[in-house]
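Enquirer: following is a predicted model, sequence given first.
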Amino acid sequence: MRNTLIVFRREFAAYFSTPLAAVFLVIFLALAAGLAFHLGRFFTRGEADLEPFFVFHPWLFLILIPALGMRLWAEERRSGTIELLMTLPVRTGEVVVGKFLAGWAFAAVALALTLPMWLTVNYLGDPDNGVIAASYIGSWLMAGALLALAAAVSALTKNQVIAFVVGAACGFLLLMSGLDLVLGAFRPWAPPAVVDFVASLSFLTHFGQITKGVLEARSLLYFGSLIALSLFANAIFVELKKAR
Amino acid sequence: MAMIEAIGLGKRFGTLQAVAGVSFAVDRGEVVGFLGPNGAGKSTTMKMIAGFLPPTTGTARVGGHDVRRDPIAVKARLGYLPEGAPAYGDMRVGAFLDFVAALRGLDGKDRSRRIGEVVEQMQLGHVLDQRIETLSKGYKRRVGIAQALVHDPEALILDEPTDGLDPNQKHEVRELIRSMAARKAIIVSTHILEEVEAVCTRAIIIARGRVLADETPAALLARASRRPTVAITVRADAHEQALALLGAIPGVEQVEVAGRVNGVANLRVVPAEGPANGNEILGAVGAALVRDGVALEDLHVERPRLDEVFRQITAG
């Protein structure tokens, strides 16, 4: 716990010690607001809610979150600091969780900076604030799942670009698994139960439920177990890969 | 029980046997020089003792704790400088040392006191607020050593601690190692053989993954196949006369002309086979030259050097 916190503090500070934090936050805010206003017609549709804002989050996160996760382990391996870190008296799990939480906290900062949108809809009309709160939670959970995935991929390579591309591709598959693009590859041969299972893995399905105000235990469990599973894989990858 | 023990340590990477059954022990008060050609398995062995690489066979113990069964206890007792002294380039020196000290379990006053001490020892005071990536190679190395010492470990493993340092800094690091030697068990890997003679109480030579020698630097020197010789420098015009004189001395097997430059000739007198260490014939050689008035510029015994022994052992 203590070690996790120490690692967390270093990693969180590391985001701000390079231009990455500023670049990420500016681009995220500009795109999130820009998409909501233009593509989502935030003002002209005449409804006081944040749906046109949240509906683009899966796509934004698909590109931006792997950028947060890619350096977590690839950079350690490239610069050799992994040898320093893993010969300190810490457990792999403590480091894995500390690094993940740092990235997730950074995602929380990015989301928190969009709170003026929430204030705006309350000024303009009378939105369902419960739905908006649930959507924020859902959005953050989705970011966490993509981040954990990207971090695990990052542990497999020394190259941050590879970590980014593969991390984004894995995220894309999970995002799309409810759509025909992915399901079509399973239907011809897999039994319906398998197809249903693959469909149930979809980020879009779960996130869509949440943004409609249905914050079910099933969706929380889904994102939670995806994060846990990815972090578990992350720890195994670190152990396997440090050998070479 | 020795502070650091390697017990049949072996490591295989795919088809490459990098380390093949390395055993040795290092006690408190010893500074062991770890020598070997590049790729001999030195760093791999150190990485296994430090708990970074899992051994394929055998194990290592630090302070009695087995690195396979209790890696955390081993890591807690060991100070380790990995090869190349890696550090987080985007951190400032002070913050980096604080991070390592915190993960080492140091808190509050203890932490700031220990950081102050290693900063003093490694003379890092004026770069504390500098980012590590902006430091020179020498400073980076010193940050790496400071990091390894911050918890005042009983056992210390330094992989090439003087690499990249200038001669003055090398001297300081050697002095530091010497000053800590009484209280710690220390392993230092190096390519610089004079370093072994300067600080090490024992040298372990490893090549192709095996220990080829494990003894004091003096004992290693005694393994030299070349006998000590007497080196003489005379004025060039006197060298014929000197050659004739020297050849006639009993106990001299051979006289070689090593070179003739700048108006002087360098001769080498090889003593006959036997327990001779060069000193026996030194007197006779000197007396013969002085008696006949040969203009002598220099006269000394040339002992085999450690790097000759190193080559002899590792090339065989």
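Expert: Sure thing, it's come through.

Enquirer: next, count neighbours for B:Q130.
Expert: Counted by other C-beta atoms under 10 Å in any protein chain shown, the residues lying close to B:Q130 total 15. Heads up, the C-betas are built off the backbone N, CA and C, glycines and all.

Enquirer: would you confirm that it contacts B:G94?
Expert: No: the pair B:Q130 / B:G94 is not scored as a contact, 9.1 Å apart, by C-beta atoms under 8 Å.

Enquirer: give me the pLDDT value at residue 212.
Expert: In the absence of a named chain, this looks at chain A. At A:K212, the model reports a pLDDT of 80.

Enquirer: nope, chain B please
Expert: The predicted local confidence for B:L212 is 91.

Enquirer: wait, is it part of a strand?
Expert: Yes: under DSSP: H, G, I helix; E, B strand; the rest coil, B:L212 sits within a strand.

Enquirer: neighbours around it, how many?
Expert: Here the number of neighbours of B:L212 (other C-beta under 10 Å) works out to 16.

Enquirer: in contact with it: list those residues for me.
Expert: When contacts are counted by C-beta atoms under 8 Å, 6 or more residues apart in numbering or on different chains, B:L212 touches B:205-206, B:313-314.

Enquirer: biggest separation within these, which pair?
Expert: Farthest pair in the contacts of B:L212 (C-beta to C-beta) is B:I206 and B:I313. Separation: 10.1 Å.

Enquirer: and these two? which has more neighbours close in?
Expert: With neighbours defined as other C-beta under 10 Å, B:I206 and B:I313 compare such that B:I206 has more, 25 against 17.

Enquirer: which SS class is that one?
Expert: Secondary structure for B:I206, judged by three-state DSSP, is strand.

Enquirer: I'd say it and B:G33 touch.
Expert: No: the pair B:I206 / B:G33 is not scored as a contact, 10.9 Å apart, by C-beta under 8 Å.

Enquirer: name the nearest residue to B:A248, sequence neighbours excluded.
Expert: Leaving aside its sequence neighbours, B:A248 sits nearest to B:A288 (C-beta to C-beta, 6 or more residues apart in numbering or on different chains; 7.8 Å).

Enquirer: before we move on, which element is the residue nearest the centre of chain A in?
Expert: With distances taken as C-alpha atoms, centre = their mean, A:A143 lies nearest the centre of chain A, 2.2 Å away. Element membership of A:A143, judged by DSSP states H and E, is helix A:129-154.

Enquirer: point to the helix or strand of the chain where mean pLDDT is at its lowest.
Expert: Defaulting to chain A. Confidence across the helices and strands of chain A bottoms out at helix A:180-186, with a mean of 77, counting by mean pLDDT, DSSP states H and E.

Enquirer: chain B was what I was after
Expert: Taking mean pLDDT, DSSP H and E as the measure, chain B has helix B:279-291 as its least confident helix or strand, at a mean of 80.

Enquirer: other residues contacting it?
Expert: Contacts of helix B:279-291 (C-beta under 8 Å, 6+ apart): B:228, B:230, B:232, B:234, B:242, B:245-246, B:248-252, B:269, B:271, B:296, B:299, B:301.

Enquirer: who are the packing partners of whichever helix or strand comes after that helix?
Expert: Per DSSP H and E, the first helix or strand lying C-terminal to helix B:279-291 is strand B:296-302. Judged by 3 or more C-beta pairs under 8 Å, 6 or more residues apart in numbering or on different chains; DSSP states H and E, the packing partners of strand B:296-302 are strand B:229-235, helix B:279-291.

Enquirer: what's the burial count for A:C170?
Expert: A count of nearby residues for A:C170, using other C-beta under 10 Å, gives 17.

Enquirer: measure it to A:L101 for me?
Expert: Applying C-beta to C-beta, to the nearest Å, the value for A:C170 to A:L101 is 20 Å.

Enquirer: same thing with A:V238?
Expert: 16 Å.

Enquirer: tell me which helix or strand the residue nearest to the residue nearest to the centre of chain A when sequence neighbours are not counted sits in.
Expert: The spatial neighbour of A:A143 that comes closest, neighbours along the chain excluded (C-beta to C-beta, 6+ apart), is A:A107 at 4.2 Å. Secondary structure assignment for A:A107, by DSSP H and E: helix A:92-112.

Enquirer: list the contacts of the host helix or strand of B:L221.
Expert: Taking DSSP H and E as the criterion, B:L221 maps to helix B:217-222. Here helix B:217-222 makes contact (C-beta under 8 Å, 6+ apart) with B:33, B:196-197, B:200, B:202-203, B:205, B:213, B:303-306, B:309.

Enquirer: ok, now which ones touch the residue in chain B positioned nearest to chain A?
Expert: Going by C-beta to the nearest C-beta, chain A is nearest to B:P86 of chain B, at 3.7 Å. Contact analysis of B:P86 by C-beta under 8 Å, 6+ apart lists A:79-81, A:83-84, B:144.

Enquirer: repeat the analysis, applying 7 Å as the threshold.
Expert: When contacts are counted by C-beta atoms under 7 Å, 6 or more residues apart in numbering or on different chains, B:P86 touches A:79-81, A:83-84.

Enquirer: tell me which residue is most central in chain B.
Expert: The residue lying closest to the centre of chain B (C-alpha atoms, centre = their mean) is B:V196, at 3.3 Å.

Enquirer: next up, phi/psi of the closest residue to that residue other than its chain neighbours, please.
Expert: Nearest residue to B:V196 in three dimensions, chain neighbours excluded: B:G33, at 3.9 Å (C-beta to C-beta, 6+ apart). Backbone torsions for B:G33, taken as degrees, to the nearest 10, come to phi -90, psi 130.

Enquirer: how much space between B:G33 and B:G286?
Expert: B:G33 sits 35 Å away from B:G286, going by C-beta to C-beta.

Enquirer: out of the two, which sits in the busier spot?
Expert: Set B:G33 next to B:G286 and count neighbours by other C-beta under 10 Å: B:G33 wins out with 25 against 14.
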